[in-house]
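Visitor: Make a model of this:
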Amino acid sequence: MKRIALLWILPLMALAEDSKVLVDGAGCRTRQLAIARVFENMPEVAKVDILPLAEAPALNQRYFVLRCDGKSPTREQLIRALGRRAKFYHVIEVALLPQEPTRRGGR
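Guide: Model prediction:
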């Protein structure tokens with residue numbers, strides 16, 4: 001039974017893509033948390049990490065790392081998910097991160 005479950009899970013882990021998203025207009029912590037909450041509500045996103053200010057190219061920008069169970073969302077999908085907030089929070093770029101040798105377990 002364990003082998004069957006493992007054979008079912010392995011292809012899903014191979015399809016998982018993580019991405020690094022640069023968002024402008026996310027300078028304060030409250031805005032960062034609001035953006036992270038929107039991204040976490042997307043069906044393919046399992047977890048969102050907010051990188052520190054030192055990683056961002058400007059004071060009003062932040063990088064968000066999206067940990068996905070499947071294919072990573074595109075820039076257009078992220079803008080659509082932000083809805084009316086996209087007027088204030090601008091998704092500048094989305095870059096796929098290299099896959100980890102072993103996927104995280106038990107997210």
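Visitor: Helix or strand with the lowest mean pLDDT in the protein?
Guide: Lowest on mean pLDDT, DSSP states H and E among the helices and strands of the chain sits helix 2-15, with a mean of 49.
Visitor: Could you look up the next helix or strand downstream of it?
Guide: strand 18-24 (DSSP states H and E).
Visitor: Could you give me the buried positions within the helix or strand following that next one?
Guide: Downstream of strand 18-24, the first helix or strand assigned by DSSP H and E is helix 29-40. Neighbour counts over helix 29-40 (16 or more other CB atoms under 10 Å) mark 31-32, 34-36, 38-39 as buried. The C-beta positions use only the backbone N, C-alpha and C, and glycine is treated the same way.
Visitor: if I pick Cys68, what's in contact with it?
Guide: Applying CB atoms under 8 Å, 6 or more residues apart in numbering, one finds that Cys68 lies in contact with 16-19, 44-46.
Visitor: In those, which residue is surrounded by the most others?
Guide: Val45 (23 neighbours; other CB atoms under 10 Å).
Visitor: what about the residue positioned nearest the centre of the chain, which SS state?
Guide: Central residue of the chain (CA atoms, centre = their mean): Leu66, 1.6 Å from the mean position. Following DSSP: H, G, I helix; E, B strand; the rest coil, we place Leu66 in the strand state.
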